[in-house]
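A.B. asks: Give the three-dimensional model of this entry:
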Amino acid sequence: MRDPTQVPHDKVAAGTPVYTAQLRGTALARHQQALGASFLITLHADTTFIRVYAINHDVILKWANHDTEYVNITNFDEVIPAGAQRTYMVPMMVDGQPFTRIMLGNRTVGATVVVIEK
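C.D. replies: Next up is the predicted model:
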């Protein structure tokens, strides 16, 4: 896990760094899934960023730290619009440790998502 203060970013929106530049290097993991209800991904221990592509429908994302969490239209952390990609730095939990999982869900049945861990 990289120190977030040492990671270059392109700009700051509402006080939050926005990462739009290419993330160089080999992907730590790749995931592609046609979403039913939701999809859990356990992040690689060295993942600092995730890049999420919403292929055909909006996708919702929730940061998680155990398998029993779920995502739905009332408790998501991020929305990735259909046809878009977003890059997120893995945030830290209250105890200073990074989140270890993400939950992905669809806003419309049949959404397909691709996630790349860097």
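A.B. asks: Kindly state the beta-bridge partners for the residue most central in space within the chain.
C.D. replies: Geometric centre of the chain, nearest residue: I50, 4.9 Å, by CA atoms, centre = their mean. In this entry, I50 is beta-bridged to Y88, E117, by DSSP bridges.
A.B. asks: Now do stretch 58-70: everything it contacts.
C.D. replies: 35, 38, 40, 52, 71-73, 75-82, 88, 90-91, 93, 99-108, 111, 113 (CB atoms under 8 Å, 6 or more residues apart in numbering). (Glycine included, C-beta is placed from N, CA and C.)
A.B. asks: Least confident secondary structure element in this structure?
C.D. replies: Ranked by mean pLDDT, DSSP states H and E, the weakest helix or strand in the chain is strand 11-13, scoring a mean of 51.
A.B. asks: where exactly do the strands run in the chain?
C.D. replies: Under the criterion DSSP state E, strands of the chain are mapped to 11-13, 16-18, 29-34, 38-42, 49-54, 59-64, 78-80, 85-89, 101-106, 112-117.
A.B. asks: Out of these, name the one with the poorest average pLDDT.
C.D. replies: Lowest mean pLDDT within the strands of the chain: strand 11-13, a mean of 51.
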